[in-house]
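J.: Any chance you can model this:
(one chain, ligands or ions: 1)
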Amino acid sequence: MTAAADPVKLMKQEVGKAAAALVKSGTIVGLGTGSTTAFAIQYIGERLKSGELKDIVGVPTSFQAEVLAKEYGIPLTTLDAIDHIDIAIDGADEVDPQKNLIKGGGAAHTREKVVDYLANQFIVVVDGGKVVDKLGSIFAVPVEVIPMAMTPVMNALKKLGGKPELRMGVKKAGPVITDQGNMVIDVRFDDIPDPVNLETTLNNIPGVLENGIFVNCADIVLVGEVVDNQPVVRQL
Ligand SMILES: O=C[C@H](O)[C@H](O)[C@H](O)COP(=O)(O)O
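T.: Numbering: from 1, shown residues only. Got it, this is the predicted structure:
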């Protein structure tokens, strides 16, 4: 495979593989959502199939993760049936030098936050284009909101200086509906000087279920890059 074919896909594939290699036999694994984590799920499944990995159980963060895990033969469990998660692997839309994240490009950030924050070790997998100096440089902050509170939440977000936009479906008329049956407002901020504070402030708006800022939770960030037409994985 050459990098010229699709360098972003190649980076995602390599970083997914590198994260899958960190999973040990006999562990409980949080399975993230998105196109990068999909490769990690695939490689975990392949390691299980080859017998290199044994006795693992996955905790999916979305309908997508659940479907993929089933496809690749990863046994699943729920949070009611376990008392810890050993390792979680998940993607991100932005990562800053302090390993703070924006997540939720796939509207899965609420369940992801539950699973990723519970894990003893949280591995983030991104391609090089996701690394930024400051959060909010490229991506808006996704905010999951219960439908009846959409208008007051929109107004509250504007008062905070954000530019909120209801996320609309693709190949579906109307808004994106999350796995919980809620809507997502993407909020663009000119500047996010204090991600820790903004995460709390957003979650304190009545009607907000969860937002996509993840702080003080990532243990390892694996970044996929293409150097001299070859994929490489580095740690942030
Ligand atoms: O809701 C989706 C998640 O937070 C994803 O992990 C994030 O959007 C990154 O996805 P991808 O790996 O497809 O860029």
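J.: Give me the longest helix you can find in this structure.
T.: Criterion DSSP state H: the longest helix present in the chain is helix 35-50.
J.: Which strands or helices does that helix pack on?
T.: In terms of contacts (3 or more C-beta pairs under 8 Å, 6 or more residues apart in numbering; DSSP states H and E), helix 35-50 is packed against helix 7-20, strand 28-31, helix 63-71, strand 85-91, strand 119-127. C-beta: built from backbone N, CA, C; applies to glycine.
J.: Kindly state which of the ones you listed is positioned closest to Q98.
T.: Set against Q98 and scored by C-beta to C-beta, the helices and strands packed on helix 35-50 come closest in strand 119-127, at 12.3 Å.
J.: The helix or strand that comes right after that closest one: how far from the chain's middle?
T.: Counting by DSSP states H and E, the next helix or strand C-terminal to strand 119-127 is strand 141-145. What separates the centre of strand 141-145 from the centre of its chain is 13 Å, taken as C-alpha atoms, centre = their mean, to the nearest Å.
J.: any idea of the mean pLDDT in strand 141-145?
T.: Computed over strand 141-145, the mean pLDDT rounds to 98.
J.: in the following helix or strand past it, what counts as buried?
T.: Later in the chain than strand 141-145, the nearest helix or strand by DSSP H and E is helix 150-159. For helix 150-159, a neighbour-count test (16 or more other C-beta atoms under 10 Å) marks M150, V153, M154, A156, L157 as buried.
J.: Compare the helices and strands packed on helix 35-50 and give me the one nearest the ligand.
T.: Of all the helices and strands packed on helix 35-50, it is strand 85-91 that lies closest to the ligand, at 3.1 Å by C-beta to the nearest ligand atom.
J.: Pull the residues that contact the helix or strand following that closest one.
T.: Per DSSP H and E, strand 85-91 leads on to strand 94-95 as the next helix or strand towards the C-terminus. With contact meaning C-beta atoms under 8 Å, 6 or more residues apart in numbering, strand 94-95 is reached by 101-102, 124, 126, 130-132, 135-139, 218, 221, 223, 236.
J.: Just give the number of residues close to the nearest residue to S137 once chain neighbours are set aside.
T.: Spatial nearest neighbour of S137, chain neighbours left out: E94 (6.9 Å); criterion: C-beta to C-beta, 6 or more residues apart in numbering. Neighbours of E94 under the rule other C-beta atoms under 10 Å: 25.
J.: Same check on V57?
T.: Counted with other C-beta under 10 Å, residues neighbouring V57 total 17.
J.: Next, the contact list for it, please.
T.: Counting by C-beta under 8 Å, 6+ apart, V57 makes contact with I28, V29, I74, P75, L76, T77, I82.
J.: Alongside the ligand, which residues does this protein contribute?
T.: Residues of the chain lying near the ligand by C-beta under 6 Å from any ligand atom: 32-37, 90-93, 103-109, 112.
J.: swap the cut-off to 8 Å and go again
T.: 12, 32-38, 61-62, 90-93, 103-109, 112, 125-127, 130, 142, 212 (C-beta under 8 Å from any ligand atom).
J.: Turn the buried ones among those into a named ChimeraX selection, would you?
T.: Those of these that count as buried under 16+ other C-beta under 10 Å are selected in ChimeraX with:
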select :12,32,33,34,35,36,37,38,61,62,90,91,92,93,103,104,105,106,107,108,109,112,125,126,127,130,142,212
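J.: Go through stretch 41-60 and flag the buried ones.
T.: Quick answer for stretch 41-60 (16+ other C-beta under 10 Å): 41-45, 47-48, 53, 56-60.
J.: Restricting to C-alpha, output that stretch in PDB.
T.: Extracted C-alpha coordinates of stretch 41-60, given in PDB (Å, rounded to 0.1, in the frame of the first residue of the first chain):
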ATOM      1  CA  ILE A  41     -11.400  -2.800  16.800                       C
ATOM      2  CA  GLN A  42     -10.600  -4.700  13.600                       C
ATOM      3  CA  TYR A  43      -7.100  -5.500  14.800                       C
ATOM      4  CA  ILE A  44      -8.200  -6.500  18.300                       C
ATOM      5  CA  GLY A  45     -10.600  -8.900  16.500                       C
ATOM      6  CA  GLU A  46      -7.800 -10.300  14.300                       C
ATOM      7  CA  ARG A  47      -5.500 -10.800  17.400                       C
ATOM      8  CA  LEU A  48      -8.400 -12.700  19.100                       C
ATOM      9  CA  LYS A  49      -9.000 -14.800  16.000                       C
ATOM     10  CA  SER A  50      -5.300 -15.800  15.700                       C
ATOM     11  CA  GLY A  51      -5.200 -16.800  19.300                       C
ATOM     12  CA  GLU A  52      -2.500 -14.200  20.200                       C
ATOM     13  CA  LEU A  53      -5.100 -12.500  22.500                       C
ATOM     14  CA  LYS A  54      -7.400 -14.400  24.800                       C
ATOM     15  CA  ASP A  55     -10.300 -13.800  27.300                       C
ATOM     16  CA  ILE A  56     -11.000 -10.100  26.600                       C
ATOM     17  CA  VAL A  57     -14.300  -8.500  26.800                       C
ATOM     18  CA  GLY A  58     -15.300  -5.100  25.200                       C
ATOM     19  CA  VAL A  59     -17.500  -2.300  26.400                       C
ATOM     20  CA  PRO A  60     -18.900  -0.400  23.400                       C
END
